[in-house]
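# Return atomic coordinates for the entry below.
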Amino acid sequence: MKQQPLILIIDDSSMSRKSIEHLLASEPVRVLSVETGSDGLRLAESELPDLILLDIVMPDLDGFEVCRRIREIQLLEAIPILLLTSLNDKDSHLQGLNAGADDFITKPFDPMLLKSRIRTILRLNRYRKLLSERARFEWVIEHSEDGYLMIDRNDSIVYSNHKAEQLLGIHGASGTIQGHKFREFVERRFLCEPAHSWKEWPQICFDNPDGKWFLIQPESVESHAVWIQITTIKHGEPDRPAVLKLENVSESLATQRVTWSFHGLISHKLRTPLSVIRSGIGLLSADNLPASEIQSIAQMTMRGVQRLDNEISDILEYLEAPNSSVSGDWASVKDIAELVHQTGQATRHNRLKLNTGDIPEDVLLGMSKHSLKSIILELIQNAIKFHPENSPEISVTLVQKNPEHLCLCVADDGKHMPTEVLEKAWTPYFQGEQYFTGQMDGMGLGLSMVATLIWEAGGACRIYNRNEIQGIVVELDLPIKQQSLQ
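Numbering: from 1, shown residues only. Sure, this is the predicted structure:
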């Protein structure tokens, strides 16, 4: 609830104070009153009134001195002061103005005139405060590390701060995006994901204030990918423009991707050799083993140690590798086949079928082998993890979608998932472990990290329930490196 304006009366006359209090009893204001200038100064500092009614002739400090002291205090310097005086000479008025008073009213005052003066001063003071608050707000917004935009229901940009224009690629004093249709503007410069959500723009940003949308500049050899996250700021006024907050989350997503990829690598690289070592040590702890068995178990344990050493070397090599979707060696169609085969062996899953059709093995993809390996591992792991018996039949198919993309399709016979979960499966930060996300337990990064790698490379992602049987289909559009077609 909005607080009523506060009026402070400083007057040594009890009759005058009570008269003004009675006069203002019917007004939408709060009133405090004191009888000395010293008490008035203390109360003004503690309560910060909206208006001070100040008598001039008082025993301790006169009104002129109180007025001067108020103007010397930074918190009080802008508070309007209305002097109440029985002095009607020109010199007294000039002295009051020089001391910092805003207006005068002469005793005995006309009640209606005093009311009118008070209403006018409070109204002007409210406008002054609004202008001051707006100026401070605009300064903060213009100097914010995040971008802010306002769009109307027709998707026209009605306001943008400097950071928003910078994030969207507008530079220089001549550049402006105000008046442009927001979606049309960003679609010319970015990939807009999740794609299904952008189809409902701008209505969705008014109807779904908790939504998140992403603008992506795909990664290239020359530059890293740029991720801009868009959220709406709630203001509770449906007829007002929507306020959009734009944040550069590129570093955050890159860190999450590295964490996810490293987690997957660790879990698969170390599990098998550690199991061998653990088993060997357990067997060696038994009593009365023949020497031949001890030697055999020791050799098996040593092989586990050697394999563990090799895997740790691979992990260290991984940590030194570029953490991007297009850095490193370019992947090829041949690599897809090899990676699917290797993943099947690593997961010990033998119900895995691959069909690459008649696409030449030497066709290069616009992404690295490292990224492709992470993606294939995640999708196959995901199918196994969420199958009711952890034993799905998985088919991996590669088809030529168009001259620029190959479509990698991974289908399983697990179970269907709720539509609302599938719609959010690619969204960074989405947590849906109780249904289906392809996430490592406690990590919350699986399918969303697949999406970041695909989107950064300039591809697209789709996920849907199978029609004819239970299960999920994941389709990834992998960009073709154009020089491989020449």
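
# Helix, strand or coil: sort out Lys345 for me.
Not Lys; residue 345 is Gln. When the structure is reduced to helix, strand and coil (DSSP: H, G, I helix; E, B strand; the rest coil), Gln345 reads as helix.

# Need phi/psi at Leu84.
phi -100, psi 120 (degrees, to the nearest 10).

# Surely it and Ile56 touch.
Yes - taking Cβ atoms under 8 Å as the definition, Leu84 is a contact partner of Ile56 at 7.1 Å. C-beta coordinates here come from the backbone N, C-alpha and C atoms, glycine included.

# Give the residues shared as contacts by the two.
Gly63 (Cβ atoms under 8 Å, 6 or more residues apart in numbering).

# for the stretch 251-400 of the chain, which spans come out with low pLDDT?
Within the stretch 251-400 of the chain, the stretches falling below the threshold (pLDDT under 70) are 257-269, 310-311, 313-328.

# in it, which spans are helices?
Secondary structure of the stretch 251-400 of the chain, counting by DSSP state H, counting those that start in this stretch: helices at 291-320, 333-346, 369-385.

# I'd assumed Gln299 was in contact with Leu283.
No - using Cβ under 8 Å, Leu283 is not in contact with Gln299; the gap is 11.9 Å.

# Looking at the two, which is more packed in?
When Leu283 is set against Gln299 and neighbours are counted by other Cβ atoms under 10 Å, the residue ahead is Leu283, at 16 against 11.

# Distance of that one relative to Ala346?
25 Å (Cβ to Cβ, to the nearest Å).

# do Ile204 as well
In this structure, Ile204 and Ala346 are 41 Å apart, going by Cβ to Cβ.

# Please name the residues that touch the closest residue to Lys334 other than its chain neighbours.
Excluding its sequence neighbours, the residue lying closest to Lys334 (Cβ to Cβ, 6 or more residues apart in numbering) is Glu361, at 3.9 Å. Contact criterion Cβ under 8 Å, 6+ apart gives 332-334, 337 as the residues in contact with Glu361.

# can you map out the helices along the stretch 101-250 of the chain?
Under the criterion DSSP H, counting those that start in this stretch, helices of the stretch 101-250 of the chain are mapped to 111-142, 162-167, 182-187, 195-198, 203-207, 250-284.

# if you compare those helices, which one is most tucked away?
Among those, judged by mean count of other Cβ atoms under 10 Å, the one packed with the most neighbours on average is helix 162-167 (a mean of 18).

# contact partners of that one?
Residues external to helix 162-167 that are found in contact with it (Cβ under 8 Å, 6+ apart): 142, 144-149, 171, 175-177, 228, 246, 248.

# Would you mind listing which of these are buried?
Among the contacts of helix 162-167, the ones that count as buried by 16 or more other Cβ atoms under 10 Å are 147-149, 177, 228, 246, 248.

# just to revisit the earlier point, ok, the contacts of helix 162-167 vs Val396, which is closest?
Within the set of the contacts of helix 162-167, Ile228 lies nearest Val396; the separation is 32.7 Å, counting by Cβ to Cβ.

# okay but that closest one is in contact with Leu244, surely?
No - when contacts are counted by Cβ under 8 Å, Ile228 is not listed as touching Leu244 (10.5 Å).

# Straight-line length of stretch 6-23, end to end?
Using Cα to Cα, to the nearest Å, one end of stretch 6-23 lies 15 Å from the other.

# list the buried ones in that stretch?
Along stretch 6-23, these residues count as buried under the neighbour rule (16+ other Cβ under 10 Å): 6-11, 16-17, 19-20, 23.

# Out of those, which comes closest to Ile52?
Once Cβ to Cβ is applied, the member of the buried residues of stretch 6-23 that ends up nearest Ile52 is Leu8, at 4.9 Å.

# Now that closest one. Nearest residue, chain neighbours left out?
With sequence-adjacent residues excluded and distances taken as Cβ to Cβ, 6+ apart, Leu8 is closest to Pro49, at 4.0 Å.

# Output the helices of the stretch 101-250 of the chain as CSV; include the columns distance to Phe104.
Output for the helices of the stretch 101-250 of the chain, formatted as CSV (distance: least, Cβ to Cβ, whole Å):
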stretch, distance to Phe104
helix 111-142, 9
helix 162-167, 45
helix 182-187, 53
helix 195-198, 62
helix 203-207, 51
helix 250-284, 60
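
# Next, give me the two most distant ones among the buried ones among the contacts of helix 162-167.
Ile177 and Asn248 (16.9 Å).

# just checking, Arg307 touches Leu274?
No - because the distance of 9.6 Å does not satisfy Cβ under 8 Å, Arg307 is recorded as not touching Leu274.

# what's the burial count for Leu453?
The burial count assigned to Leu453 is 27, neighbours taken as other Cβ under 10 Å.

# Could you look up the SS state of it?
helix.

# can I see the domain layout of this structure?
Domain assignment for the chain, taken from automatic domain parsing, gives 6-140, 147-248, 252-320, 324-485.

# Can you give me the first-to-last residue distance of the second one?
This means domain 147-248. Distance between the boundary residues of domain 147-248 (Cα to Cα) amounts to 9 Å.

# Let me see the confidence value for Met15.
With respect to pLDDT, Met15 has a value of 90.

# would it count as being in a strand?
No - following the definition three-state DSSP, Met15 is helix and is not counted among the residues of a strand.
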